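J.: just a sequence and a predicted model for now, questions to come.
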Amino acid sequence: MAALILSKTSPIEILNKFMLGFFYTKSNGTLAKKEGQLAWVLLFPTLLIIFSIVILPLISIFWISFKPISLSDLRPPKPIIKERLKGKLEIEGDKGEIHYRIRNSSRDQIINNVKLVDTIPRGLKVLNLDDRCQIDQRKLSCNLGSFKGGYREVLKLKVTSDEIFYINKILPKETIPKMTGKSENVLTNLNFSLVNFVKIFDRDEFFQVLFVTLFYTVFGTVGALLMGLLAALILNTNFRGQGIFRGLFLFPYVAPVIAVAFTWVLLFDPFSGSINALLIQMQVIETPINFFGKRPLALIMVTVFEIWRYFPLSFLFILARMQSIDNEMYEAAEMDGASPFQKFWYLSIPMLLGILSILFLLRFIWTFNKFDDIFLLTGGNAGTRTLTVNVYEQAFALSNIGAGAAVAVVIFMFLLIFSILFFKFISREEGL
Amino acid sequence: MRSIRKGYILAPFLSALWAITIVWCLSIISSFSTGEAFKPNFLLTSLSGLTVGLICSRIKGYKKNHKLGIFLLLFVAVVVLSPITRLTDKYFNNLEFFLNSFFAVILIISASKILRDIDFYELTRHQFEDYIIKFLTNFGYIFFTAIVAIPFYVMVMTSLKNQSELLLNPLNFSIDFSKGYDLFRSYTELFSDFNFGSYIITSFFVSIITVIITLLFAIPGAYAVARLRFKGRGIFSSSILLIYMVPLIVLALPIYVGFSLFGLRNSVLGILMIYPVTTIPVALYMLQGYFRTVPTEIEESGLMDGLSRISVILKITLPLSLPSIISVSLYVFMIAWNEFLLAFMLLDDPSKFTITRGVAMLDSSEVPRQHLMAGSVVATIPVMLMFLLLEKYLRQGLTAGSIKG
């Protein structure tokens, strides 16, 4: 054995290694330090971008989940103003009224310290002044105090004109009024509540969603794994044209999800879909089946789609593992009279167990996280709403961002449990 | 178990199953290519399968000529049985007859191949399982090819039809060549009326920039994780995997909120900020796997020769791992090109759509569905082409550690 090793490595290499070892041990301290520094320099950009676009949003999701906010709250409440001149100013001495229509843009939030600033055009004299306002030279400024949610009023200024107005011809509208106000941004204030969580846990719906998610995840993962195993088994032979099949079998995974999802929807359409037409014409069924619209069937169909789309991935990994298994083992088993099924069960399966379990865990997590497939196929209708689809549904369809974030937090908790399991497991299984 | 390990039981059984498989395939293919309805008769099909199987198990050791004669008789028998009936038109034109003879030929040839040299009586366990596996393998080829090919076939064929043809007969996927260039009308309309040209350009731009940014970030990071010793290396590499597991929809929500606040929504810039983040962990994970396969000795000899770490990376490691960088780039390109969720949530302005967002726009009751399918084909073709040309790289890239879907 020793001779074998020696014959493979040249003396120079051995010397080289020895030298290298010497080199490293001697200056270990500084070199290691330098290496560590370099490592952090190299990693810094990645850390930065991941922090800003992954960790920060994750923190904010927790933050948002404790706040009852809706889509419309994303814009902070503002005082809104429209200025209009009533009455005609045609000759000197004509009287008119400047109307400021003011309102709070939000229906339920208060704006404090509302101020209005405007310039009165030259040649207009204000006759009556609201007691909240004052005029300094031509500058009008009003202190309007607090606006409640949905507050609106019309501020009226009576004016008369003199000749200067007609020389300049600057209308009140042309000097743009400015409004300021302090409003609390719901996103940043320190009021928290558990309303969102109560809302999402308080319904039977939540458990329905959880059931759907688990069904979809478990069957989707196991199905894709089994299909991948079968596909790998039939392709684990050497013949010409095997490459074509291998390429073809990867198509569902490589194609854009949006393209294949829409194709499935059209294919299984109850009115003009080809599958229904085929089944009816072959007299298998009498009335068309609404594959993606009926309650238990839709869930099964989206699971089947998931299996269809992701079996290529399991297939790829399992095939790669199979082809790395030593053939001698099978030959020895053959000599001992093992039958094909015995060889599969007692030799292949144990060898594949590692990759199968890693695939299972990873696919389980990613199927759990899957959103676009179901969203495109059914939109979460007909009993196919999983947790991820529920995030979208709550946040955007019902425009309740807070509830959406609460669902996201629930997902994240599940994920945490899964990944703890995953790392416990993966530390035993070597590498991926 | 032993009692059914008989040739005269196994052969007819497998052959009948095989006959049912073939008959379904033929019926579906002929329905899809002619638009007419063909119905396989289950009983007659099984009967022809049983007969063929039984005879196959009996003719071991016969002379070639005799076999041929027997097969000829079988052929006649199956054609007389004619398990496939044509439902649409009752008057006889040769289609049905042709289909049945075709079925007979295929059944006899393939069944005799699957059941080659099967014994009529006792089978060893080894033989018994071998024949079952042979059948399952052949069945598997047909099954997998069918489930993969049918959706893509339907996608392409639907895009070449027009509304009335589609409503008239959803089964008819035959191509009417007499239409000439009109066949591609949905495609020309897609580019003229729906601005797909600009979506493709946007998508290419976004995907390529994403690849570049991803590589710029991931290569140094992956090198550090793969080669350099530093505190927290283990935690770092597992947290990369962890980030890889965060669902996109969970991130998409706060990103939507943040982008709305900072006015980055509805801009290609915003998309370009997000896409690389979804791909960097994948790329980093794949690349560090590759960098580990570069022999340390080569790098160390470079260090010994007085090169700095950075120049070792640039001059030795990167050129050596070029194939893997190509496959990572391909994979990242594919992710960016296919990405739908973020584009859908963040882009509202049709002038900034990526191709997947453009296809999503076509999904409305006002747009005829051949346009939707044409859009799907247009979105699929670039990745497919890339995949077919560089399949080897992509396969390597996929197996090297990315299982994300």
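T.: Perfect, I can see it now.
J.: could you pull up the mean pLDDT of stretch A:100-109?
T.: What stretch A:100-109 shows for mean pLDDT is 81.
J.: mind listing residues that contact it?
T.: A:72-73, A:75, A:77-84, A:110-111, A:114, A:116, A:118, A:144, A:147-157, A:177, A:179, A:183-184, A:186 (CB atoms under 8 Å, 6 or more residues apart in numbering or on different chains). C-beta here means a position set from N, CA and C on the backbone, and glycine is covered the same way.
J.: start and end of that stretch, how far apart?
T.: 21 Å (CA to CA, to the nearest Å).
J.: could you dump the one helix or strand residue B:235 maps to to CSV, C-alpha only?
T.: Using DSSP states H and E, residue B:235 sits within helix B:233-243. Extracted in CSV, the C-alpha atoms of helix B:233-243 (Å, rounded to 0.1, in the frame of the first residue of the first chain):
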residue,chain,number,x,y,z
ARG,B,233,-16.6,29.9,8.2
GLY,B,234,-18.8,27.1,9.2
ILE,B,235,-21.6,29.4,10.3
PHE,B,236,-21.3,31.4,7.2
SER,B,237,-21.6,28.5,4.8
SER,B,238,-24.6,27.1,6.6
SER,B,239,-26.3,30.5,6.8
ILE,B,240,-25.9,30.8,3.0
LEU,B,241,-27.9,27.7,2.7
LEU,B,242,-30.4,29.1,5.2
ILE,B,243,-30.9,32.2,3.1
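J.: helices or strands next to it in the packing?
T.: Counting contacts by 3 or more CB pairs under 8 Å, 6 or more residues apart in numbering or on different chains; DSSP states H and E, helix B:233-243 is packed against helix A:28-50, helix B:196-227, helix B:268-293.
J.: just the angle between that helix and helix A:28-50, please?
T.: Angle, helix B:233-243 to helix A:28-50, by axes from the mean of the first three to the mean of the last three CA atoms, to 10 degrees: 20 degrees.
J.: state the mean pLDDT of helix B:233-243.
T.: Across helix B:233-243, the per-residue pLDDT values average to 77.
J.: what residues of that helix count as buried?
T.: By 16 or more other CB atoms under 10 Å in any protein chain shown, the buried positions in helix B:233-243 come out as B:233, B:236-237, B:239-243.
J.: next, the angle from it to helix B:196-227.
T.: For helix B:233-243 against helix B:196-227, the angle by the same axes, to 10 degrees is 160 degrees.
J.: low-confidence bits of the stretch 101-250 of chain B, can you list those?
T.: By pLDDT under 70, the stretch 101-250 of chain B contains no weakly predicted segment.
J.: could you rerun that using 80?
T.: Low-confidence segments of the stretch 101-250 of chain B (pLDDT under 80): B:117, B:119, B:163-182, B:231-232, B:234-245.
J.: list, one by one, the residues from the stretch 301-432 of chain A near chain B.
T.: A:308-310, A:313, A:316-317, A:320, A:337, A:339-341, A:359, A:362-363, A:365-366, A:368-372, A:375-376, A:388, A:391-392, A:395-396, A:401, A:404-405, A:408, A:411-412, A:415, A:418-419, A:422-423, A:432 (CB under 8 Å from any CB of the partner chain).
J.: what number of residues lie near residue B:36?
T.: 18 (other CB atoms under 10 Å in any protein chain shown).
J.: now the buried residues of helix B:233-243 in JSON lines, with distance to residue B:268?
T.: JSON lines is the format used below for the buried residues of helix B:233-243 (distance: CB to CB, whole Å):
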{"residue": "B:233", "distance to residue B:268": "36"}
{"residue": "B:236", "distance to residue B:268": "31"}
{"residue": "B:237", "distance to residue B:268": "32"}
{"residue": "B:239", "distance to residue B:268": "30"}
{"residue": "B:240", "distance to residue B:268": "27"}
{"residue": "B:241", "distance to residue B:268": "30"}
{"residue": "B:242", "distance to residue B:268": "29"}
{"residue": "B:243", "distance to residue B:268": "24"}
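J.: out of the contacts of stretch A:100-109, which are buried?
T.: A:73, A:77-79, A:81, A:83, A:110-111, A:114, A:116, A:118, A:144, A:147, A:151, A:155, A:157, A:177, A:179, A:183, A:186.
J.: export whichever strand or helix holds residue B:187 as PDB, just CAs?
T.: Of the helices and strands defined by DSSP H and E, residue B:187 is found in helix B:185-193. C-alpha atoms of helix B:185-193 as PDB (Å, rounded to 0.1, in the frame of the first residue of the first chain):
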ATOM      1  CA  ARG B 185     -50.000  35.600 -37.200                       C
ATOM      2  CA  SER B 186     -50.100  35.400 -33.400                       C
ATOM      3  CA  TYR B 187     -46.400  35.900 -33.300                       C
ATOM      4  CA  THR B 188     -46.300  38.900 -35.600                       C
ATOM      5  CA  GLU B 189     -49.200  40.400 -33.600                       C
ATOM      6  CA  LEU B 190     -47.400  39.800 -30.400                       C
ATOM      7  CA  PHE B 191     -44.500  41.800 -31.700                       C
ATOM      8  CA  SER B 192     -46.500  44.500 -33.400                       C
ATOM      9  CA  ASP B 193     -49.400  45.000 -31.000                       C
END
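J.: what helix or strand is the residue in the stretch 101-250 of chain A positioned nearest to chain B on?
T.: Closest to chain B within the stretch 101-250 of chain A is residue A:234: 3.8 Å, counting by CB to the nearest CB. If you go by DSSP H and E, residue A:234 is part of helix A:204-235.
J.: would you map the helices across the stretch 301-405 of chain B?
T.: Using DSSP state H, counting those that start in this stretch, the helices found in the stretch 301-405 of chain B span residues B:309-312, B:318-320, B:322-338, B:341-346, B:355-362, B:369-389, B:391-399.
J.: want to try JSON lines for those helices, with distance to chain A as columns?
T.: Listed next are these as JSON lines, based on distance: least, CB to the nearest CB, whole Å:
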{"stretch": "helix B:309-312", "distance to chain A": "6"}
{"stretch": "helix B:318-320", "distance to chain A": "13"}
{"stretch": "helix B:322-338", "distance to chain A": "4"}
{"stretch": "helix B:341-346", "distance to chain A": "5"}
{"stretch": "helix B:355-362", "distance to chain A": "5"}
{"stretch": "helix B:369-389", "distance to chain A": "4"}
{"stretch": "helix B:391-399", "distance to chain A": "5"}
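J.: just name the most buried of the ones you listed.
T.: Of all the helices of the stretch 301-405 of chain B, helix B:355-362 has the most neighbours on average by mean count of other CB atoms under 10 Å in any protein chain shown, namely a mean of 25.
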